[in-house]
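Visitor: Following is a predicted model, sequence given first.
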Amino acid sequence: MPMAEGAPDLDFRPGEPARATLAQWIQTCRNCVAAAPDLAALPLSAAEVVRSENYKWLERHGAHVRPHLRWARLCAAHLRGAVFLQAAWAEDDAGNDQKATELRLRAIRAWGTPEAAEARMRKIDVLRRVGNFDRARMHADILLESDPDPTSAAILRFQLARIAEGDIGRHMMSSALPRAPSRPHVARVAEAKPKPGLLARLFKRA
């Protein structure tokens, strides 16, 4: 996957050009239709799953989302939520809003209660996108009270504003962050730069 140059979404979907390569993130075996980011890394136990009727039943889904759903059946449980979210992105791109919502709900169930701040930030956005505003607001309030870094705090406040408006749309992280002045005041030039938080580092990579 190429490095993202554009800003990521609030659910951490990377910006372009990486965004456009979603269909290439999962490989599919031409013979047995096993699916994974790296087919060579699949364990031998995957063969039994691939031969199962539940796995074959995934054939009914569109080709744009099928590899992600197959990988969701084969991957480790702790990866499943992220894979379902990738499948939702594929449905977004295909204009299938209802199916994308269903897959986001599956991602939420697969995640449970994440501990890492990055995972919690992602879940807040996914909850908002499916219209579960009460839970999204609760998680955002809790995380905001934990004294997050300034970038994370700005994104959380942006999320709370969107939640208050009943907004279920896609937003980029750049929309949530204050614009940096093109020419900072001379008094600020000598100030030591604070250590960036988790999301600040992510945004810098995007």
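Guide: All right, it came through fine.
Visitor: Now for the chain, the helix or strand with the poorest mean pLDDT.
Guide: In the chain, no helix or strand scores lower on mean pLDDT, DSSP states H and E than helix 186-189, which sits at a mean of 44.
Visitor: which stretches of the chain have low pLDDT?
Guide: The chain contains residues with pLDDT under 70 at 1-5, 180-206.
Visitor: and His68, how many neighbours?
Guide: His68 has 26 neighbours, counted by other Cβ atoms under 10 Å. Any C-beta I mention is one placed from the backbone N, CA and C, and that applies to glycine too.
Visitor: and it, how far is that from Leu85?
Guide: 9 Å (Cβ to Cβ, to the nearest Å).
Visitor: again, but for Arg106
Guide: Arg106 is 9 Å from Leu85, by Cβ to Cβ.
Visitor: Neighbour count: the two, which is higher?
Guide: Counted by other Cβ under 10 Å, Arg106 and Leu85 do not tie: Leu85 has more neighbours, with 27 against 19.
Visitor: now the helices for the protein?
Guide: Taking DSSP state H to define them, one finds helices in the chain at 46-51, 53-56, 66-74, 80-93, 97-111, 117-129, 133-144, 150-164, 173-176, 186-189, 198-205.
Visitor: Out of the ones you listed, flag the one nearest Trp25.
Guide: Checking these against Trp25 by Cβ to Cβ gives helix 80-93 as the closest, at 6.8 Å.
Visitor: Only C-alpha atoms, please: export the closest one in PDB.
Guide: What follows is helix 80-93, C-alpha atoms only, in PDB (Å, rounded to 0.1, in the frame of the first residue of the first chain):
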ATOM      1  CA  ARG A  80     -11.900  -8.700  12.800                       C
ATOM      2  CA  GLY A  81     -13.300  -5.300  13.700                       C
ATOM      3  CA  ALA A  82     -10.800  -3.500  11.500                       C
ATOM      4  CA  VAL A  83     -11.500  -5.900   8.600                       C
ATOM      5  CA  PHE A  84     -15.300  -5.300   8.900                       C
ATOM      6  CA  LEU A  85     -14.600  -1.600   8.800                       C
ATOM      7  CA  GLN A  86     -12.500  -2.000   5.600                       C
ATOM      8  CA  ALA A  87     -15.500  -3.900   4.200                       C
ATOM      9  CA  ALA A  88     -17.700  -1.000   5.100                       C
ATOM     10  CA  TRP A  89     -15.300   1.300   3.300                       C
ATOM     11  CA  ALA A  90     -15.700  -0.900   0.200                       C
ATOM     12  CA  GLU A  91     -19.500  -0.600   0.400                       C
ATOM     13  CA  ASP A  92     -19.100   3.200   0.900                       C
ATOM     14  CA  ASP A  93     -17.200   3.400  -2.400                       C
END
